[in-house]
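*Asks:* give me a 3D structure for the following:
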Amino acid sequence: MTPLASRFPSPEQSPGFILWHLTHAWQRTVRAALTPHDLTHVQFVLLATLTSHETPLTQSQLAESASTDPMMTSQVVRALEKKGLLERQPHPQDGRAILLAPTTGGKDLITNANRSVEDADESFFAALGATGTHQLTALLATLRRSHQQPR
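*Replies:* Next up, the predicted model:
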């Protein structure tokens, strides 16, 4: 059997391979942190995004702000509404638009869930120390900016 031709002597020297593995490990960590709150990761992101805005958002504004697919956002919004974590409100200027806002229960839940996620992040990145975590965050932000799709 012929080995895979690669510019890397081993998979562990490939940044993409390492990122793929770490992403899955981090996602498992976050899923575990969110399980007691009965939230999926996407539900968490959308509810946190909605709660972080001072005013209600339309569904398309929420999807854009969270960088999520509009169709998936629609499905998750329905699930969050069924759970009583957000509510739909008529738009005051546009009769066709609906605004989304977290309920009091949604705000309380996302506050607690956010603490759990931040604790999980702190534990996950602890091996880097504060300085290393700050550096990693800066590097990842640079990559994110360089690959953002224009909207």
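*Asks:* ok, now which ones touch the residue nearest the centre of the chain?
*Replies:* What sits nearest the mean C-alpha location of the chain, by Cα atoms, centre = their mean, is Val45, with 4.1 Å. By Cβ atoms under 8 Å, 6 or more residues apart in numbering, the residues touching Val45 are Ala66, Thr68. Every residue, glycine included, has its C-beta placed from N, CA and C.
*Asks:* relative to Gln59, how far out is it?
*Replies:* According to Cβ to Cβ, to the nearest Å, Val45 and Gln59 sit 14 Å apart.
*Asks:* looking at the residue nearest to the centre of the chain now. What's its pLDDT?
*Replies:* For Val45, the pLDDT comes out at 98.
*Asks:* that one and Pro90, how far apart?
*Replies:* 25 Å.
*Asks:* where in the protein is pLDDT low?
*Replies:* 150-151 (pLDDT under 70).
*Asks:* quick one, helices of it?
*Replies:* Ranges of helices within the chain are 15-34, 41-52, 59-66, 70-82, 104-124, 129-147, based on DSSP state H.
*Asks:* buried sites along stretch 94-110?
*Replies:* Under the neighbour-count criterion of 16 or more other Cβ atoms under 10 Å, stretch 94-110 has Leu99, Leu100, Ala101, Pro102, Gly106, Lys107, Leu109, Ile110 buried.
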